[in-house]
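Engineer: Got a sequence here, can you model it:
(chains A and B)
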Amino acid sequence: KAGVTQTPRYLIKTRGQQVTLSCSPISGHRSVSWYQQTPGQGLQFLFEYFSETQRNKGNFPGRFSGRQFSNSRSEMNVSTLELGDSALYLCASSLGSATNEKLFFGSGTQLSVL
Amino acid sequence: QQQVKQSPQSLIVQKGGISIINCAYENTAFDYFPWYQQFPGKGPALLIAIRPDVSEKKEGRFTISFNKSAKQFSLHIMDSQPGDSATYFCAASIGQAGTALIFGKGTTLSVSS
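Structural biologist: Numbering: from 1, shown residues only, chains lettered A, B, ... in the order given. Coordinates of the predicted model:
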């Protein structure tokens, strides 16, 4: 069974630009969550999508947004990039049918903002 | 109150030894406490998880000890191996919050052979 796939693996952008990251969940998983990982702040929850609807949201500015498609694939968008947005962005999928389910993480997209 | 405090930041253990990582929380509404393992270049992977109605859970060489009154929980890795060298994260969540895990800052474990 294929794991969670995130593309691209690496991305370099400049301040003020916008970026879109993609995540393909494990087949059959309907929930996709996004996390930001930085050396200083660690792992922080961005948002969760289930059946194309945002089900939960972390404490990030509105520049961070996402969406989910009917096939459960998800994209995350960051607009007006800032230097502090440099991070590893991780996507995790789960079945979405119960609370406290096991999350399966992808290897992440490493975003560098110059 | 939403924080999970993890210690130590780094840990060096001899092969065959016991690795112990501790976490503390404040929010008594947390009802799920997983531990994740992350290798360089990879995403975190669930190791073991516990709920507050259980004081201990063991899976192979990995054991979670949970102290509800002290609001603390810990991961014990028995017979530590070089392959266990990784970063370990404790986390906590409230069932109603879905997949919104609150992670500790992580512990980098090095097991020397």
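
Engineer: and the lowest-mean-pLDDT helix or strand in chain A, what does it pack onto?
Structural biologist: The helix or strand of chain A with the poorest confidence is strand A:53-57; it has a mean of 93 (mean pLDDT, DSSP states H and E). Applying 3 or more CB pairs under 8 Å, 6 or more residues apart in numbering or on different chains; DSSP states H and E, one finds that strand A:53-57 contacts strand A:42-50. No exception for glycine: its C-beta is placed from N, CA and C like everyone else's.

Engineer: mind listing what's buried in the strand it packs on?
Structural biologist: Buried residues in strand A:42-50, counting neighbours by 16 or more other CB atoms under 10 Å in any protein chain shown, are found at A:Gly42, A:Leu43, A:Gln44, A:Phe45, A:Leu46, A:Phe47, A:Glu48, A:Tyr49, A:Phe50.

Engineer: For those, give me CSV that also has pLDDT and distance to chain B.
Structural biologist: Shown next, in CSV, are the buried residues of strand A:42-50 (pLDDT from 0 to 100; distance: CB to the nearest CB, whole Å):
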residue, pLDDT, distance to chain B
A:Gly42, 94, 5
A:Leu43, 97, 4
A:Gln44, 97, 8
A:Phe45, 96, 5
A:Leu46, 97, 9
A:Phe47, 96, 9
A:Glu48, 95, 5
A:Tyr49, 95, 10
A:Phe50, 94, 8
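
Engineer: Which of the residues you listed sits closest to B:Gln38?
Structural biologist: B:Gln38 lies nearest to A:Leu43 out of those, by CB to CB, at 9.0 Å.

Engineer: residues contacting that closest one?
Structural biologist: Residues near A:Leu43 by CB atoms under 8 Å, 6 or more residues apart in numbering or on different chains: A:Tyr35, A:Gln36, A:Gln37, A:Leu90, B:Pro44, B:Phe89, B:Ala91, B:Leu101, B:Phe103, B:Gly106.
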